[in-house]
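>>> take a look and give me a structure for this.
(one chain, ligands or ions: 1)
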Amino acid sequence: MLTQGPRGTKDILPDTVDRWLYVEQKIRTLCRSYGYQEIRTPIFEHTELFQRGIGDTTDVVEKEMYSFTDRGGRNITLRPENTAAAVRSFLEHKLYAENALTRLFYIGSMFRYDRPQKGRYREFHQFGVEALGVAGPAVDAEIIVLAVRFLESLGLKDLTLSLNSVGDPACRPIYRERLQNFFRDKLNGLCEDCRSRFERNPMRILDCKKESCQRLSEGAPEITDCLCEDCRSHFEAVKAYLESAGIQYSLDSRLVRGLDYYTKTAFEIKYPPLGAQSAVAGGGRYDGLVEEIGGPPTPAVGFAAGLERVMLALETQGLYDPPPRQADVFVIALGEAAKIPAFSLLVSLRDAGFLALMDHSGRSLKAQMKQADKANARFALILGEDEVRDGVVTRRDMRTSEQVKIGRQDIINSLLCAEVKD
Ligand code: HAM
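Here you go, the predicted structure:
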């Protein structure tokens with residue numbers, strides 16, 4: 001038990017961490033060119049922030065939050081997502097003061113007590129962006145383009161983008177009533193969750209994964225038939241902007257998303273080969289959230305991508321094979337008298353910026369050479385008692401096995417001339 005991490009968590013091991021760094025680097029480069037600035041909010045927040053922000057009737061709040069009372073009696077929750085926290089921080093630090101549009105991005109772990117399976121974890125990582133302060137449809141399009149370009153920049157193919165409008169407080173009540181009328185005589189056939197959704201949040205029924213509920217919701221009224229004029233023209237404009245950027249999408253009037261704060265635009269990007277967990281990114285507009293959390297009316301839009309799913313998609317498409325790690329030099333000390341001079345050589349090599357390794361265990365020459373080989377070292381630098389006495393180092397080219405003796409003070413220059421550094 002002690003040697004196994006909690007269910008639903010994963011270690012990112014040294015052989016895959018390069019892939020994460022690669023993806024994070026892509027994110028930072030892309031966000032920079034779109035003018036998004038990084039924000040890092042705490043891993044935990046007041047529980048109420050998520051209850052109010054995400055919505056009491058969502059699965060995330062009802063079933064999936066890691067909540068506890070801390071030693072001071074506060075109700076605390078590990079963040080299940082970062083939009084509500086980004087908005088909290090935006091308000092607390094008045095990030096709206098300088099600019100009409102505040103552009104933020106984040107990378108970090110989120111926590112949901114979900115049923116773990118491939119692509120679904122209890123601790124997972126998201127890259128997300130939030131654009132706060134402007135209501136116009138161009139911002140929705142900017143966010144969607146960014147999401148698409150992010151995945152494309154990794155070389156991913158075969159992604160699908162689904163788009164919908166979920167309306168706003170003006171038109172949603174009309175749709176809600178139509179949906180209730182549609183489902184009223186089907187209530188007995190719905191699952192227990194959906195029966196309770198019927199009163200509290202009937203749009204959620206459309207999102208139910210149970211086959212019987214999906215069958216019963218066939219032919220349900222579509223939100224896009226109920227949109228008010230404002231939502232309709234906004235939706236049309238978003239589509240026009242996307243088309244102008246050459247972004248392909250398909251319309252999906254059943255796309256409701258799992259969080260309650262969305263208004264107008266909602267979208268999801270899928271990589272279908274991932275099966276049940278194929279949603280790699282999702283987001284939309286959330287014009288009411290800032291006010292809900294206690295701020296002034298502030299329109300906003302954003303998305304988040306699940307990085308574990310992005311990694312799975314990269315793997316499936318064979319897209320990123322990290323280059324084997326290669327040490328520049330491997331220092332080998334032979335005998336007691338060589339230990340300290342070899343250590344001091346190691347330090348000066350590292351100070352000069354070489355990737356230098358040494359086996360501190362004092363094993364035989366053969367064993368240390370094997371280590372140098374395993375580390376893919378370009379050169380081995382051997383110090384035995386003779387070398388120490390003569391103030392030299394034996395430099396062995398690991399490719400050709402050629403050995404030369406080089407004066408201690410000339411070693412770094414000789415390596416620079418051999419161009420071992422990347
Ligand atoms: P979300 O759809 O709940 O949206 O999550 C975004 C992405 O996180 C999903 O598309 C998926 O790739 C990944 N994800 C979610 N749950 C898990 C899990 N248990 N294991 C692995 N990956 C998961 C949000 O979180 C919103 N805050 C997005 C947003 C930002 N909307 C506006 N701004």
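>>> so how far is the biggest helix by length in the chain off the chain centroid?
Looking across the chain with DSSP state H, the single longest helix is helix 14-34. Remark: helix 14-34 is offset 10 Å from the chain centroid, using CA atoms, centre = their mean, to the nearest Å.
>>> pLDDT score for residue 323?
Residue 323 is assigned 68 on the pLDDT scale.
>>> try the one 4 residues further on
According to the prediction, residue 327 has pLDDT 89.
>>> so it sits in a helix?
No: counting by DSSP: H, G, I helix; E, B strand; the rest coil, residue 327 falls outside a helix, being coil.
>>> hmm, it is touching residue 374, no?
No: the criterion here is CB atoms under 8 Å, and residue 327 misses it with residue 374 at 9.4 Å. The C-beta positions use only the backbone N, C-alpha and C, and glycine is treated the same way.
>>> which one of those two has more residues nearby?
Using other CB atoms under 10 Å as the criterion, residue 327 and residue 374 rank with residue 327 on top: 22 against 11.
>>> tell me the contacts of that one?
355, 356, 357, 372, 375, 376, 377, 378 (CB atoms under 8 Å, 6 or more residues apart in numbering).
>>> between these, which sits nearest residue 216?
Nearest to residue 216 among the contacts of residue 327, counting by CB to CB, is residue 376 at 59.9 Å.
>>> how about the closest one, nearest residue that isn't a chain neighbour?
With sequence-adjacent residues excluded and distances taken as CB to CB, 6 or more residues apart in numbering, residue 376 is closest to residue 326, at 4.2 Å.
>>> so that neighbour touches residue 373, yeah?
No: here residue 326 does not reach residue 373: they are 11.6 Å apart, not a contact under CB under 8 Å.
>>> residues of this structure that sit close to the ligand?
81, 83, 112, 114, 120-121, 124, 126, 128, 130, 258-259, 279-284, 286, 302-306, 308-309 (CB under 6 Å from any ligand atom).
>>> restricted to strands, list the residues you listed.
Taking DSSP state E, the ones among those that sit in strands are 124, 126, 128, 130, 279-284, 302-306.
>>> which two in those are spaced the farthest apart?
Top of the distance list for those (CB to CB): 124 and 284, 19.6 Å.
>>> of these two, who's got more company?
Using other CB under 10 Å as the criterion, residue 124 and residue 284 rank with residue 284 on top: 25 against 20.
>>> show me what the more buried one is bridged to.
residue 266, residue 302 (DSSP bridges).
>>> ok, it - contacts?
Residue 284 sits next to 140, 166, 257, 262, 263, 264, 265, 266, 267, 301, 302, 303 when contact means CB under 8 Å, 6+ apart.
>>> residues contacting the last one?
I take that to be residue 303. By CB under 8 Å, 6+ apart, the contact list for residue 303 reads 128, 129, 143, 144, 146, 147, 267, 281, 282, 283, 284.
>>> please convert those residues to a markdown table, extending it with pLDDT.
Listed next are the contacts of residue 303 as a markdown table, based on pLDDT from 0 to 100:
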| residue | pLDDT |
| --- | --- |
| 128 | 98 |
| 129 | 98 |
| 143 | 98 |
| 144 | 98 |
| 146 | 98 |
| 147 | 98 |
| 267 | 98 |
| 281 | 98 |
| 282 | 98 |
| 283 | 98 |
| 284 | 98 |
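>>> you'd agree residue 38 is up against residue 31?
Yes: the criterion here is CB under 8 Å, and residue 38 meets it with residue 31 at 7.2 Å.
>>> just for the stretch 201-350 of the chain, where's the confidence low?
321-324 (pLDDT under 70).
>>> returning to that earlier point: quick check, nearest of the contacts of residue 284 to the ligand?
residue 302 (2.7 Å; CB to the nearest ligand atom).
>>> identify the residues contacting the closest one.
Residue 302 is in contact with 83, 86, 128, 129, 130, 131, 143, 283, 284, 286, counting by CB under 8 Å, 6+ apart.
>>> try it again at 6 Å.
Applying CB atoms under 6 Å, 6 or more residues apart in numbering to residue 302 gives the contacts 83, 129, 130, 283.
>>> brilliant, that's me finished.
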